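> just the structure for this:
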Amino acid sequence: TPAPAGSPPKVLAIDCEMCVSEDPLTKKRNAKELLRLSVVTGAGGKEVVLDTLVQPSLPVTDYVTHIHGIEKSHLNAVTFTRRHAQAVLREICTADTILVGHSLDNDLKSLQFTHDRVVDTALIFNGQNGSTCSLRDLTATLLGQ
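Below is the predicted model:
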C-alpha cells in the first residue's frame with residue numbers, strides 16, 4: 001500500500017556513482033568518493049526522489065568515466081556536496097525506512113551514512129562461485145535477457 005501523502009517513503013532504492021580522490025596532505029586514496037546520488041521510490045522505482053551530481057570533497061585523481069560517463073566538466077557548476085546528500089537522506093529516511101541497493105555497503109560508505117534496515121541485492125543474489133555478480137548480469141538473468 002502506498003504511504004499517505006506527506007509521509008516518508010517506506011522503501012528507498014539508492015545508487016551512487018563514485019570516483020577516486022586523494023587527500024593532498026596524507027596522500028591517502030579514496031576509491032569511494034561520492035560523485036552522483038540517485039534515490040527512487042514507488043512501484044518499480046518510478047518516483048525519482050533525488051538524482052544529482054555531487055561535488056567531491058577532495059581532489060579527484062580518477063573520475064572512472066568509463067564506468068559511469070561522468071567527466072570533470074560535468075561538475076563545473078555543481079555545488080551539491082556529500083553533506084547535502086546526508087541532510088536529504090536524514091530528512092526522508094526514518095528508522096523504519098528500508099534502503100535497497102546493489103552493493104549497498106559501498107554506497108553507504110561513499111555517503112558516510114549508516115542505516116539499520118537495508119536490503120542489498122549483491123548479498124541476496126550471488127554470482128558464480130559465491131562471488132558478487134554485477135547489477136548488469138543480475139538484471140539480465142532476472143529479466144531473462
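> could you report the pLDDT at the residue lying closest to residue 65 once chain neighbours are set aside?
Once flanking residues are discounted, residue 65 sits nearest to residue 71: 5.4 Å by CB to CB, 6 or more residues apart in numbering. Just so you know, the C-beta spots here come from the backbone N, C-alpha and C atoms, and that holds for glycine as well. Residue 71 carries a pLDDT value of 97.
> same deal with residue 46?
83.
> the residue nearest to residue 65 and residue 63 touch, don't they?
Yes. Here residue 71 reaches residue 63: they are 6.2 Å apart, a contact under CB atoms under 8 Å.
> quick one: buried residues of the longest helix along the chain?
Determined from DSSP state H, the single longest helix within the chain is helix 82-92. By 16 or more other CB atoms under 10 Å, the buried positions in helix 82-92 come out as 82, 85, 88, 89.
> helix or strand right after that helix?
Counting by DSSP states H and E, the next helix or strand C-terminal to helix 82-92 is strand 98-101.
> which SSE is immediately downstream of that following strand?
That would be, after strand 98-101 and using DSSP H and E, helix 104-111.
> picking up where we left off before, pull the residues that contact the longest helix of the chain.
8-9, 12, 34, 37, 39, 49-50, 52, 54, 57, 111-113 (CB atoms under 8 Å, 6 or more residues apart in numbering).
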